[in-house]
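Participant: Requesting a structural model of the entry that follows:
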Amino acid sequence: MSRRLLHHRTFWGLLVAFLLELVVLTAGGAWAEDRRVVRNTRLYSGPSSTSVRILALHPPDRVTLVDTPAKGNYVKVRTADSNAGWVYVHNLSPVEEEAPVVTGRHLRGSPPPGDELTARYDGVSRKSAKTSLSNAPLEPEYDTLDDLLETLQEDSFMADRAEDEGIVKHKDSNRMKEEKRNVRVKAWLYAAKYEDDRDFHVIIGPDPSESSPEYLNVEVSGLPGNASSDFAELKRAREQLFAALGKWPGSSKYYKPEDPIPVEVEGSLFWDIEHAPGAVGPITHRPKTSWEIHPVGELQQGHD
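Facilitator: This is a model prediction of the structure:
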């Protein structure tokens, strides 16, 4: 065999081997996208909650997207155990790289100091619900946070409801029936933080003497447009938060007052499809539910 022919065959042999390896890597998921489960959900045989349930998925499970077009609010995934099926897309989140350390008072995109009072809501997800109060009647005041928490549906039930009703992150996504409640509760303010969408996350809890405290995130929302019928109330809530804390909380970490502050909080219930239980709040004061009061219409310091 000539040296030229041998060289020719060697070249083509290496090229074929390279292409075969490339195909194997691609099929094995080298280019696939991973997703993190952020809320208890189920793997279904088809793109619907009425399909056969294959298994349950829980945070922080990871799945890999399958190269199949999404159908409605469902995407096809493969689990680490090679089970394939369909999952409600809003119970998944991209696997984020480690966030960079943020220094200073404000995150990128936040308004400069002094604009906190009049900052407009700068998010998209369920914007309509987050920046408007429900038209439901105000319920009798709850004397303790535990009393209010006892009336809320389990998170697993709400996750199923969100799937069934197709609740998505679209700005016009309406409130579910269980969210159409206006409540007022006596509690204590433990921590607050300014978010990049112009909301304040405010963590409330029970009397500080409580031995097994449960907490709740209540959000003093970024403001809607001036024409909104709720503009004045939502702006007042921001003024009241400042008055209670004596300062604006920063955005790099939660501000915790030296002593919890007694408050009465009034607003509309909201079940957050974006944050799993335990994902919000400082590590010492994290709510175990995705329920919130959002938006807050009144945050009064002290207990009458």
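Participant: Just the buried residues of stretch 51-63, please?
Facilitator: Residues of stretch 51-63 classed as buried by neighbour count (16 or more other CB atoms under 10 Å): 54, 57, 59, 61, 63. The C-beta positions use only the backbone N, C-alpha and C, and glycine is treated the same way.
Participant: Off-centre distance for that stretch?
Facilitator: 18 Å (CA atoms, centre = their mean, to the nearest Å).
Participant: Just the terminal-to-terminal distance for it.
Facilitator: Taking CA to CA, to the nearest Å, the first and last residues of stretch 51-63 lie 19 Å apart.
Participant: Is the residue lying closest to R175 once chain neighbours are set aside in a helix, a strand, or coil?
Facilitator: The shortest distance from R175 to any non-neighbouring residue, by CB to CB, 6 or more residues apart in numbering, is to A129 (5.1 Å). At A129 the chain is in helix, as set by DSSP: H, G, I helix; E, B strand; the rest coil.
Participant: which residues touch A129?
Facilitator: 173-175, 179, 268, 270, 294 (CB atoms under 8 Å, 6 or more residues apart in numbering).
Participant: Then A187?
Facilitator: 144-145, 204-206, 216, 262-265.
Participant: Just the residues you listed: which are in helices?
Facilitator: Judged by DSSP state H, helices contain the following of the contacts of A187: L145.
Participant: where exactly do the strands run in the chain?
Facilitator: 34-37, 41-44, 53-57, 62-65, 74-79, 84-88, 92-94, 182-194, 200-205, 216-220, 261-271, 291-301 (DSSP state E).
Participant: For the first one, which outside residues touch it?
Facilitator: Judged by CB under 8 Å, 6+ apart, the contacts made with strand 34-37 from elsewhere in the structure are 57-65, 77, 87, 91-96.
Participant: could you redo the last one with a cut-off of 10 Å?
Facilitator: 43, 56-65, 75, 77, 79, 87, 89, 91-96, 276 (CB atoms under 10 Å, 6 or more residues apart in numbering).
Participant: Same question for stretch 165-177.
Facilitator: 49, 72-73, 88-90, 121, 123-132, 134-136, 153, 158-159, 161-162, 164, 179-181, 268-271, 273-274.
Participant: Weed out the non-buried ones from those.
Facilitator: For those, buried by 16+ other CB under 10 Å: 49, 73, 88-90, 121, 123, 125-127, 129-132, 134, 158-159, 161-162, 179, 181, 268-271, 273.
Participant: Tell me how many other residues crowd P69.
Facilitator: 6 (other CB atoms under 10 Å).
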